[in-house]
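Engineer: got a predicted structure plus its sequence, pasted below:
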Amino acid sequence: MKSATWRILSLLFVGFLVAACAGVSPQAAGEPVEITFYKRGYVEGGTDITSVTNAKAVEMFQKRYPNITVKIVGVPWSTDGDKMMEDALESGQDINVFSVRPSDLIRLSKEGKVSNLEPFLTPEDRADFYPNALQAATVDGKIYAWPIWVVAFSIFANTDMFAERGVDLPSIDNPWTWDEFLAAAEQLTYQRDDGSQVYGFTAPSVWWSMQYYPIFYMDGGRIFSPDGKRFVQNQPEALSGLQKIADLYQKHHVTPPGPDTVSQADAQAQFKNGEAAMFMSMPAFIAELEEEDFPVKVLPLPVGKLGQLVTTGAFGMYGVYNTDDPAKLKASHEFARYITSSQVAKDVPGYQLAPGFRRSNTGYATSPNRKIITQLVEFGIFEAPVSMSVELTERYRQALRDVATGSKSPQEAMDEIAPLFQQEIDAARQ
């Protein structure tokens, strides 16, 4: 009898080891369930990086959770894609996990179409996510999306030009102050022997771009209050940041002309062609520079009156449709957890195209420059979800143009649009 019992226990133990070695979590056992993943930019059978890595991520997840089948639906980055997503969310049929814009979270949470994460968020998840990531996914005190990545902005420096002009490079441990940054930008603004002009600093200045946004924050200002309920960019700390941007063009003259016309492509070309020594950039550009062996070093932004490093950037999130089916809901959150985790970055080479929002996710940090960008995520300042109409968005962009060109003072420009912002914020939260 003892021998038979021992054989049974031994078989059970071996079975447990096999499951553990296969990477199957204890939660994997259960009734079969199928969920649908609406992924922006995915094309079935596509050879682009988004399609390949997401297909692989689903494959690896299903190995870990063999009772869960994930069907991917590709959603184009277009108005047709927007309609496709909205139709699926409206019907509530055959959609479970989906790419979600932060600006849509308020509406979706009010409509009850997106699930609150908190019953599914483990203590380990909370400790792993940077607090700024969860704050960016919060509406009225509840978390409604799984943050995945952020295109954290940093300064790219041409190290050859720095050496030529005798300018020392700052670091995360020893960053510049704003005045030291200005001194460096002025030293790097000069005319070559052939008469060509070099500028110390450049960034896209068409105001759909976000590259200047970190300067908004470095003196403690924000666009909206942390809870997203008030427009506050007309307050002194925010106005100070806006004045810094205007002064780069109008007072210090360390940027190329055209404070409202330089596109992303223009600014990249200025940096690569040696027309600008520093470039405020999103991470994607580093891959091109590394491939070309360009003399580049990633720098943190200077520290302003806030007294700490800052960055910001667009970020990705996944929402879970608030289905009444508890099995699908649980499976959907398990899948969303996986595709925002450090594990998926290990399972799928190339999955992490931008720094992750989890401390454990260092999959992007594959070079010294990428490591610096990854370290900056902790210092990110991200606005709470706020929905803006097309008309107000354009009014805001025009206000920023007016500041950069010197047509209006920061106070004048922000005071003019503050009531319009507050009106839309209040209406969206009713």
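Structural biologist: Noted; the coordinates are in hand.
Engineer: how about Pro102, nearest residue that isn't a chain neighbour?
Structural biologist: Setting aside the residues directly before and after it, Pro102 is nearest to Pro385 in space (Cβ to Cβ, 6 or more residues apart in numbering), at 4.6 Å. In short, each C-beta sits where N, CA and C put it, glycine included.
Engineer: SS state for that neighbour?
Structural biologist: Secondary structure state of Pro385, per DSSP: H, G, I helix; E, B strand; the rest coil, is coil.
Engineer: low-confidence stretches in this protein?
Structural biologist: Within the chain, the ranges that satisfy pLDDT under 70 run 1-29, 207-209.
Engineer: let's see it at 80
Structural biologist: Within the chain, the stretches with pLDDT under 80 are 1-30, 206-209, 258-260, 429-430.
Engineer: how is it partitioned into domains?
Structural biologist: 26-151+314-371, 154-310+388-428 (automatic domain parsing).
Engineer: nearest to Gly380, of those?
Structural biologist: When the domains of the chain are ranked by proximity to Gly380, the top entry is domain 26-151+314-371, at 5.0 Å, counting by Cβ to Cβ.
Engineer: from the chain's centre, how far out does that closest one sit?
Structural biologist: 14 Å (Cα atoms, centre = their mean, to the nearest Å).
Engineer: mean neighbour count and distance to Phe379 added to the domains of the chain, as a markdown table?
Structural biologist: Formatted as a markdown table, the domains of the chain follow (neighbours: other Cβ atoms under 10 Å; distance: least, Cβ to Cβ, whole Å):
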| stretch | mean neighbour count | distance to Phe379 |
| --- | --- | --- |
| domain 26-151+314-371 | 18 | 8 |
| domain 154-310+388-428 | 18 | 4 |
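Engineer: reformat the ones you listed as CSV; add distance to Gly380.
Structural biologist: Compiled in CSV, the domains of the chain are given as follows (distance: least, Cβ to Cβ, whole Å):
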stretch, distance to Gly380
domain 26-151+314-371, 5
domain 154-310+388-428, 8
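Engineer: among the ones you listed, which comes closest to Glu378?
Structural biologist: Shortest distance between Glu378 and these, using Cβ to Cβ, is found for domain 26-151+314-371: 5.6 Å.
Engineer: measure Glu86 to Ala127 for me?
Structural biologist: Spatial separation of Glu86 from Ala127 under the definition Cβ to Cβ, to the nearest Å is 35 Å.
Engineer: same deal with Pro147?
Structural biologist: Counting by Cβ to Cβ - Pro147 and Ala127 are separated by 14 Å.
Engineer: next one: Val303
Structural biologist: The spacing between Val303 and Ala127, counted by Cβ to Cβ, is 27 Å.
Engineer: what's around the residue nearest to Pro102, how many residues?
Structural biologist: Pro385 is surrounded by 25 other residues when neighbours are defined as other Cβ atoms under 10 Å.
Engineer: need phi/psi at it.
Structural biologist: Its backbone dihedrals place Pro385 at phi -60, psi 120, with angles given as degrees, to the nearest 10.
Engineer: now do the contacts for it.
Structural biologist: Pro102, Ser103, Asp104, Leu105, Ile106, Ala136, Ala137, Thr138, Val139, Gly228 (Cβ atoms under 8 Å, 6 or more residues apart in numbering).
Engineer: residue boundaries of the strands in the stretch 301-430 of the chain?
Structural biologist: Remark: strands assigned in the stretch 301-430 of the chain by DSSP state E, counting those that start in this stretch are 315-320.
Engineer: quick one, helices of the stretch 251-400 of the chain?
Structural biologist: Counting by DSSP state H, counting those that start in this stretch, the segments of the stretch 251-400 of the chain that form helices are 264-272, 284-291, 326-339, 342-347, 368-376, 390-405.
Engineer: of the ones you listed, give the one that comes closest to Gln93.
Structural biologist: For these, proximity to Gln93 was assessed by Cβ to Cβ; helix 326-339 is nearest, at 11.7 Å.
Engineer: for stretch 241-248, give me every contacting residue.
Structural biologist: Outside of stretch 241-248, the residues that reach it under the criterion Cβ under 8 Å, 6+ apart are 178, 185, 201, 212, 215-219, 221, 233, 254-255, 304, 400, 403-404, 406, 410, 413-414.
Engineer: then stretch 167-178?
Structural biologist: For stretch 167-178, the surrounding residues in contact (Cβ under 8 Å, 6+ apart) are 157, 159, 162, 180, 184, 187-188, 218, 244, 297, 299-304, 309, 372, 375-376.
Engineer: what's the separation between Val58 and Asp266?
Structural biologist: Val58 sits 38 Å away from Asp266, taking Cβ to Cβ as the criterion.
Engineer: next one: Met278
Structural biologist: 15 Å.
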